[in-house]
Every structure is written in structure tokens, then in C-alpha cells.
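K.L.:
Turn this into a model:
(one chain, ligands or ions: 1)
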Amino acid sequence: DWTPDAFVETTVAELKEKIGDERVILGLSGGVDSSVAAMLLHKAIGKHLHCIFVNNGLLRKNEFESVLDQYKHMGLNVKGVDASARFLEALKGESDPETKRKIIGRVFIEVFDDEAHKVENAKWLAQGTIYPDRIESVSASGGPSATIKSHHNVGGLPDYMKLKIVEPLHLLFKDEVRRVGRNLEMDPAILGRHPFPGPGLGIRILGDITAEKVSILQEVDAIFIDGLKKWGLYDKVWQAGAMLLPVNSVGVMGDERTYEKCVALRAVESTDGMTADWVNLPYEFLQKTSNDIINKVKGVNRVVYDISSKPPATIEWE
Ligand code: XMP
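P.N.:
Numbers count the residues shown, from 1 in each chain. Model prediction:
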């Protein structure tokens, strides 16, 4: 029978044996999988694990700083790289969802590659790939749904890097990854974090991306997510976030007519992201959240709640 105890013990022993004295590079995303993979490797090889955490400028509000602190607190050998400006520049004027994903994926690889080359004697690339990632990316390369969305979590790096791949979680499902994390006494705030897409807010800003739109959406998202936590709803929801729509609508403020942005809130229940139901959030919560957003976030005058299930609607709007 599978137990996290036995898994940690055998995996750490195997990693030690396999890697020996060599150096390993790992890209942290802030998510559960890469964090647990890092902790396992840290337990096995300590400072020989070199973690890289890239800020693509499309993370949640304050996420880069706070997650970087958490990683350091965990004892990880981690380097934070703020490449926000480079991502924004590369994305300038682009509104096609798939092209935006490709640009974000490409710039990530460039930035990561630059950093990886600075680690002397790196021989391994570690990835937090879990079992379902594999299934999805295999089916994503063949089936009719193949080109719906190109997820860039798997097979990330150009092969000229010639690093050997190590994937300590490749046979695990998400709940098992969380159990391993608890066994390693990791912060529940990291283990319970909602899934967040690699391209981040880049696919939640419909249309082209600007620094101003990112900052508006970060504010809106933070009010929504903090509210879910305050109301004890965060752990009941599988994933939540806000979308900035490419629509202005008319409003009134005092005697003035406004013509400002509209945001959509989305919260879903799911087990694997393949299907999802919208969550019946309390009206009182939606009312308070909507008021807070409209009162506090300059440039937004309308909030809507997404009541579509997947299929046919996907979780993200792009
Ligand atoms: P959809 O929108 O396809 O999302 O219903 C299903 C799950 O996948 C996440 N997602 C992505 N994750 N890169 C990622 O790393 C992507 O391009 C991407 N697109 C969607 C989404 O957040 C949800 O958890």
C-alpha cells in the first residue's frame, strides 16, 4: 500500500543514489508540485539543488516576494529572477491567446536558460511533473482537443541544454503530492494553494496586455482571493480568479458618467480540472466582494460572476 512515509524514504534514498555529487536545477512556480519536488530534492542533496523562481510579471499581487520568502524560509537554495519587464515587452500588442502563451513560454525558457547556465556543473534538470500532466500532454499532442490550449508545463527546455531529467513526482496524483508535502511538514498555505496557470494573469487579461491592466487585475484578484480566505471559502473552492474583459461599460459615479472596465469572477469545483462546476458562492459574499472591487479598484465599474460549467466553458477564458 502507498504511504507518504515510505514514499519519502525510498524517493530520497533513490535521489541520493542517482544524483550523487552532481548539481540539479529546478524551476519553482509557487505551486504545490514544484515546491514538493524541491523539498524532496532538498532533503536528498541539500545545497546541490539550485532553484530558480522567475517573476514573469503576471503573478498574483505580491506573490513573487511572498513566495520567495517562503522558499527561503524552507531552507531552499533559491534565486528569484524578476523578468517582468522582459515579458511585458515581448507581449506588447499581442492579443491572440495561443500566441500569448507561446511568447510567455519562450521568454520563460530564455530567462531560465540564462540562469541555468550560471550554475556551474549542473547535470540535472528537476521537474515537478505529476502523473496527470503526462496524460494530458500526451493526449494534447494527438487528439482533436490537441490545439485548444498549449500547456507548457511538460517538456519545457530546449534540448541543447543536455541535462538529464529527474521527476520525483512523476507517478503521483495531486492528493498524494499534498500528502507527501504534509509528511515533509511543509507550510499548509503552500500545499493548499489553488492551481494557477503558468501564463498567469496573461491569459486572464483578455486581449493585449499592458502594465496598467496587470495592476488592475492584480488588485481585483487580491480582493477576491483574500475575501474567499476571510469568509472560510478558499479551501472549499478548487480554483478561483478574476478575468479582465476587453469591454468597457457605462456607469455613474456621483453626477458623472463613467465608461470603464468590467471584470468577471470565476470560482470552480473540480478534481482534476478536466471538468468543473461553478461554485454557488453566498450572495452576501458576492455582494461584498463586488462593492469592494468597484470602490477600491480605479478603472473598474462593473463585476460579473461566471456561472458556466466545463464543458463546454473552460476554466480560463483564454
Ligand atoms: P482550462 O481553461 O483548459 O484549464 O479549463 C484547466 C486547468 O489548466 C490550467 N491552465 C493552464 N495551465 N498553462 C498552465 O500551466 C496553460 O497554458 C494553461 N491553461 C489553462 C487552468 O488554470 C486550469 O487549472
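
K.L.:
From Leu68, how far off is His48?
P.N.:
20 Å (Cβ to Cβ, to the nearest Å). C-beta here means a position set from N, CA and C on the backbone, and glycine is covered the same way.

K.L.:
residues in contact with the nearest residue to Leu286 once chain neighbours are set aside?
P.N.:
Leaving aside its sequence neighbours, Leu286 sits nearest to Tyr305 (Cβ to Cβ, 6 or more residues apart in numbering; 5.9 Å). Neighbouring residues of Tyr305 by Cβ atoms under 8 Å, 6 or more residues apart in numbering: Ala264, Leu265, Arg266, Leu281, Leu286.

K.L.:
taking those residues one by one, which sit in strands?
P.N.:
Ala264, Leu265, Arg266 (DSSP state E).

K.L.:
okay if I get the contacts of Tyr305 as a markdown table plus distance to Glu14?
P.N.:
Listed next are those as a markdown table, based on distance: Cβ to Cβ, whole Å:
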| residue | distance to Glu14 |
| --- | --- |
| Ala264 | 45 |
| Leu265 | 44 |
| Arg266 | 40 |
| Leu281 | 44 |
| Leu286 | 48 |
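
K.L.:
neighbours around Glu256, how many?
P.N.:
For Glu256, the neighbour count with other Cβ atoms under 10 Å is 7.

K.L.:
okay, it: pLDDT?
P.N.:
Looking at Glu256, its pLDDT reads 92.

K.L.:
Equivalent analysis for Trp278, please.
P.N.:
Note on Trp278: pLDDT of 98.

K.L.:
for the one 3 residues further on, same thing?
P.N.:
According to the model's per-residue confidence, Leu281 sits at a pLDDT of 98.

K.L.:
All the helices of this protein, in order from the start?
P.N.:
For the chain, helices defined by DSSP state H occupy the ranges 4-19, 32-45, 63-73, 84-91, 97-117, 131-142, 174-183, 188-191, 211-230, 283-296.

K.L.:
can you tell me the average pLDDT over the first one?
P.N.:
In this case it means helix 4-19. Averaging pLDDT residue by residue across helix 4-19 gives 98.

K.L.:
Same question for it: list its buried residues.
P.N.:
If you call a residue buried by 16 or more other Cβ atoms under 10 Å, then helix 4-19 has these buried ones: Pro4, Phe7, Val8, Thr11, Val12, Leu15, Ile19.

K.L.:
now the last one, nearest residue through space, not along the chain?
P.N.:
Just to be clear, that refers to Ile19. Of all residues not flanking Ile19 in the chain, Ile45 sits nearest, at 5.7 Å (Cβ to Cβ, 6+ apart).

K.L.:
Fine by me, we can end here.
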